[in-house]
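1. okay, predicted coordinates and the sequence, questions at the end:
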Amino acid sequence: MKRKRLALYTFGIFRAPANDAVNQGFHDRNDRNFLVAETSEGFIARSGYAEEPGPESWGEQVFPRFYSERGDGWSPSTLSLWKDLTSPMAFSYAGIHMEAMRHGREWFLKPAWPPYVLWWVEWDHAPTWTEAVARHEFLHDHKASPFAFDFKTCFDEDGRPTTIDRQAVKRNIRLNEERQQLI
């Protein structure tokens, strides 16, 4: 039995204020992306956002120091939990999320920071937004380590360098595609 689960935090900054027409493609895909993530193999839970319907927020939502106010008081970010390394990779690099990533340059500034960070948490721990931002900034400042890493340089739950099982990612992509046909 696994002792830990994987936390994933993502962060981006729109090129224009959130409600600008240029971001409509992002907004059109957002609810579908959440639904697909929540039905993906290995997904455990995600934080919601205060003041919005959906899951409970895991603490006050804060942003990394890279955040740039655009007059709307927020920036796209997510915080979720997964059972292993292959599951969020299978979700992220296939389907509607991959299709949305192809349009990322239309909506987001090119980041001078990591677009996401991964880290292991105890099985009964839900990370807070503050914790996620600290890990994100650590990855930017110190590069990948067991404390904060990415898919290119990742670590297992015991802090040992590891590689991602590409065949397991492909299996998860197939499972996710089958599930998406049902939603």
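-> It's in. Here the structure is a predicted model, which means the values were calculated and not measured. Numbers count the residues shown, from 1 in each chain.
2. report all helices and strands that the worst-scoring helix or strand of the chain on mean pLDDT contacts.
-> Least confident helix or strand, the chain: helix 95-102 with a mean of 88, by mean pLDDT, DSSP states H and E. On a contact count with 3 or more C-beta pairs under 8 Å, 6 or more residues apart in numbering; DSSP states H and E, helix 95-102 meets helix 24-38, helix 86-92, helix 166-181. Bear in mind the C-beta positions are built from the backbone N, C-alpha and C, glycine included.
3. list the buried residues in stretch 171-183.
-> By 16 or more other C-beta atoms under 10 Å, the buried positions in stretch 171-183 come out as Asn172, Ile173, Leu175, Asn176, Gln180.
4. avg pLDDT for it?
-> For stretch 171-183, mean pLDDT is 91.
5. make 154 the starting number, not 1.
-> Yep, numbering from 154; the last one is stretch 324-336 now.
6. got any ranges where this structure has weak pLDDT?
-> Across the chain, the ranges flagged by pLDDT under 70 are 154-155.
7. check contacts around the nearest residue to Gly312 once chain neighbours are set aside.
-> Computed as C-beta to C-beta, 6 or more residues apart in numbering, the closest residue to Gly312 that is not its neighbour in sequence is Pro299, at 3.6 Å. Taking C-beta atoms under 8 Å, 6 or more residues apart in numbering as the criterion, Pro299 is in contact with Trp272, Trp273, Phe308, Gly312, Arg313.
8. looking at those residues, which is nearest His289?
-> Set against His289, the nearest of the contacts of Pro299 by C-beta to C-beta is Trp272 (9.6 Å).
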